[in-house]
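Enquirer: What follows is a predicted structure for the sequence shown.
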Amino acid sequence: MATAAVVNFVVADRDFRQSLENAKAELSALQQQLGEAIAVQEELEKKIVAMRQMIVALSNVLSEQVEEPNDIGMTDAVRHAIKTHNGPLEPTAVRNRRQG
């Protein structure tokens with residue numbers, strides 16, 4: 001009976017080790033995907049900033065007022081203000097950048 005318990009423990013240990021290796025591989029794959037998604041997000045944010053700058057410039061040439069839809073949430077707006085500013089921002093500066 002003791003031999004069966006040892007065999008079951010070895011099998012269980014092997015199963016846990018395989019599960020651990022599978023979990024580590026999955027974590028690595030997910031971190032890779034997240035890194036790629038963040039890179040895509042950063043590239044899109046740069047393009048959005050450039051497009052907004054172009055709209056502002058063209059609107060100024062045509063003497064038109066820029067009306068941007070406020071379709072992003074507060075968290076995204078603050079994140080955008082921080083990412084597009086060089087250096088640290090005080091809370092009032094974040095608010096001012098959000099209000100445009």
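Expert: Right, received. Where do you want to start? Numbers count the residues shown, from 1 in each chain.
Enquirer: Now the residue positioned nearest the centre of the chain: which helix or strand?
Expert: In the chain, the residue lying closest to the centroid (C-alpha atoms, centre = their mean) is Ile38, at 4.6 Å. Using DSSP states H and E, the element containing Ile38 is helix 2-61.
Enquirer: And that helix, how far out from the chain middle?
Expert: Here the centre of helix 2-61 is set off from its chain's centre by 11 Å, with C-alpha atoms, centre = their mean, to the nearest Å.
Enquirer: where does the chain have low pLDDT?
Expert: Residue ranges of the chain with pLDDT under 70: 1-11, 68-72, 97-100.
Enquirer: related to what we said a few turns ago, helices and strands around the helix holding Ile38, which ones?
Expert: Contact analysis of helix 2-61 by 3 or more C-beta pairs under 8 Å, 6 or more residues apart in numbering; DSSP states H and E lists helix 74-83 as its packing neighbours. C-beta here means a position set from N, CA and C on the backbone, and glycine is covered the same way.
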